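Colleague: Build the 3D model from these lines:
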Amino acid sequence: MSEHDTESMLDFVSAVSGETYLKVEENLGDGFVRLRTAEAERRQAKHDIRSFEDIVIELLRNARDAHAQRVFVATARDGDDRMLTMIDDGIGIPETLHQAIFEPRVTSKLETMVMDRWGVHGRGMALFSVYSNVGEGRVAASNLHRGTSIFVRADTGSLPERADQSSWPVVERDEGGALRVTRGPHNIVRRVLEFACEHPEIDVYLGSPVEVLTTVHCLGRDVLDTSELLFCDDTSRLAVWQRPAASSDASDLVEIAEAIALSVSERTAHRILGGDLAPLDTVLHQVLVDDEPTPCPEPDIYRDRRSLKIHSDDLTAFRRDLTSAFDALAEKYYLHLKGEPRVHVGRDQIRVRFDVDKEE
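Modeller: Numbers count the residues shown, from 1 in each chain. Prediction:
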């Protein structure tokens with residue numbers, strides 16, 4: 001029997017006997033049945049996600065497993081709907097698989113499986129579980145070596161979230177010096193901070209879609225060459241998170257932002273391009289001062305960020321000077337610089353990070 005004939009037979013059986021028949025592999029008698037694998041997977045997927053906060057951590061783990069070094073989390077609420085856009089600079093997803101990744105048992109981790117504080121990851125069930133619990137889930141933009149933007153929308157009447165989404169939890173150091181979230185609401189902010197504490201090597205940003213768009217626009221202009229910004233006629237060749245930086249005007253920025261699930265008005269786009277809005281800092285640096293934890297940020301943490309602004313040409317020259325200065329240290333201690341120095345301009349500080357390999 002061909003595959004088409006098999007599907008036709010299943011459709012016929014479903015129509016005659018109802019969906020219940022297709023859920024059961026074997027009737028064991030006395031009310032007991034053995035479920036078909038597909039039905040068992042569907043029920044497990046519904047069980048895996050209990051709240052919107054669970055979706056946040058599953059998508060963060062996916063970004064980590066895609067070897068992301070930057071993750072941008074944008075959340076917003078519209079009535080009963082909670083929206084989430086997560087953008088990373090990981091390995092990306094081929095266009096042909098944008099829908100398939102939401103199917104059960106689809107994974108890029110054939111030889112590996114991760115056990116972390118949140119359980120097992122690598123079964124190919126995380127995105128299926130997310131998709132099974134939301135009203136909308138899609139890959140907004142991605143391709144191999146370009147990173148990913150994933151958008152989800154959920155009805156909080158069906159999938160609850162914590163009532164307090166504005167308060168930040170307390171972060172403290174444990175006996176070993178590692179950062180840990182110790183108390184506070186179990187909201188989206190907490191999930192993101194817990195992940196960031198667990199993976200300090202990943203820069204994690206959290207804010208509204210406008211704040212995240214402002215941030216990727218500013219960071220993108222810092223890392224892209226002037227020629228890439230001026231002569232980019234196809235933003236799809238850029239990493240997903242860098243694309244807003246290549247916008248030529250406000251209407252162009254609105255279009256690019258929509259394509260990566262960060263919708264804003266043209267008025268807001270003008271404000272971003274004009275430098276009226278300041279970029280976010282990473283979530284860890286928002287709770288650290290001189291590498292020590294600070295009290296919880298106030299609920300209006302996002303309302304007043306007056307960041308220092310440095311022209312992208314000056315930052316490019318600064319990176320070049322830093323690379324030259326690092327060469328002497330590298331030669332003496334047998335180090336290799338991985339990529340360019342990473343420079344982050346904050347409200348009242350400039351941080352430089354060198355990623356290095358050491359010769360054996």
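
Colleague: Output the below-cut-off pLDDT ranges for this protein.
Modeller: Across the chain, the ranges flagged by pLDDT under 70 are 1-47, 104-125, 226-232, 289-313, 339, 344-349, 358-360.

Colleague: list the buried ones in stretch 63-70?
Modeller: Burial within stretch 63-70, assessed by neighbour count using 16 or more other CB atoms under 10 Å, is assigned to Ala63, Arg64, Asp65, Ala66, Ala68, Arg70. No exception for glycine: its C-beta is placed from N, CA and C like everyone else's.

Colleague: Next up, the contacts around the residue lying closest to the fourth one once chain neighbours are set aside.
Modeller: Spatial nearest neighbour of Ala66, excluding adjacent residues (CB to CB, 6 or more residues apart in numbering): Gly90 at 2.9 Å. Gly90 sits next to Ala63, Asp65, Ala66, His67, Ala68, Gly147, Thr148 when contact means CB atoms under 8 Å, 6 or more residues apart in numbering.

Colleague: Could you pick out which of those are located in helices?
Modeller: Counting by DSSP state H, the part of the contacts of Gly90 found in helices is Ala63, Asp65.

Colleague: of all the contacts of Gly90, which two lie farthest apart?
Modeller: Asp65 and Gly147 (13.5 Å; CB to CB).

Colleague: want to throw the contacts of Gly90 into JSON lines with distance to Asp314?
Modeller: Converted to JSON lines, the contacts of Gly90 look like this (distance: CB to CB, whole Å):
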{"residue": "Ala63", "distance to Asp314": "31"}
{"residue": "Asp65", "distance to Asp314": "36"}
{"residue": "Ala66", "distance to Asp314": "32"}
{"residue": "His67", "distance to Asp314": "30"}
{"residue": "Ala68", "distance to Asp314": "28"}
{"residue": "Gly147", "distance to Asp314": "26"}
{"residue": "Thr148", "distance to Asp314": "31"}
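
Colleague: ok, the contacts of Gly90 vs Pro200, which is closest?
Modeller: After measuring the contacts of Gly90 against Pro200 - CB to CB - the closest member comes out as Ala68, at 13.6 Å.

Colleague: So that closest one sits against Asp88, correct?
Modeller: Yes. Assessed by CB atoms under 8 Å, Ala68 is found in contact with Asp88 at 3.8 Å.

Colleague: Overlap of the contact sets of these two?
Modeller: With contacts defined as CB under 8 Å, 6+ apart, the residues shared by Ala68 and Asp88 are Gly147.

Colleague: And Leu144, its phi and psi?
Modeller: Note on Leu144: its backbone torsions stand at phi -60, psi 130 [degrees, to the nearest 10].

Colleague: Give me the neighbour count for the closest residue to it other than its chain neighbours.
Modeller: Leaving aside its chain neighbours, Leu144 sits nearest to Gly92 (4.9 Å; criterion: CB to CB, 6+ apart). Neighbour count for Gly92, taken as other CB atoms under 10 Å: 20.

Colleague: Does Gly92 lie in a helix or a strand, and which?
Modeller: Under the criterion DSSP states H and E, no helix or strand holds Gly92.

Colleague: before we move on, back to that, widest-spaced pair of the buried residues of stretch 63-70?
Modeller: Comparing all pairs in these by CB to CB, the longest separation belongs to Asp65 and Arg70, at 14.8 Å.

Colleague: Which residues are in contact with Ser247?
Modeller: Listed by CB under 8 Å, 6+ apart, the contact partners of Ser247 are His217, Leu253, Ile256, Ala269, Leu273.

Colleague: Just the buried residues from those residues, in ChimeraX please.
Modeller: Burial among these is assessed by 16+ other CB under 10 Å; the matching ChimeraX selection reads:
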select :217,253,256,269,273
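
Colleague: Where does Arg180 sit: helix, strand or coil?
Modeller: Under the three-state scheme (DSSP: H, G, I helix; E, B strand; the rest coil), Arg180 adopts strand.

Colleague: ok, so of the contacts of Gly90, who is nearest Gln165?
Modeller: Lowest distance from Gln165 to the contacts of Gly90 (CB to CB) belongs to Ala63, with 20.9 Å.

Colleague: Can you verify my assumption that the closest one contacts Met86?
Modeller: Yes. In terms of CB under 8 Å, Ala63 counts as a neighbour of Met86; the distance is 6.6 Å.

Colleague: Overlap in contacts, these two.
Modeller: The contact sets of Ala63 and Met86 overlap at Val71, Thr148 (CB under 8 Å, 6+ apart).

Colleague: just checking, what packs against the longest helix seen in the chain?
Modeller: Using DSSP H to assign secondary structure, the helix with the most residues in the chain is helix 312-333. When contacts are defined as 3 or more CB pairs under 8 Å, 6 or more residues apart in numbering; DSSP states H and E, helix 312-333 packs onto helix 209-223, helix 226-230, strand 335-337, strand 342-345.
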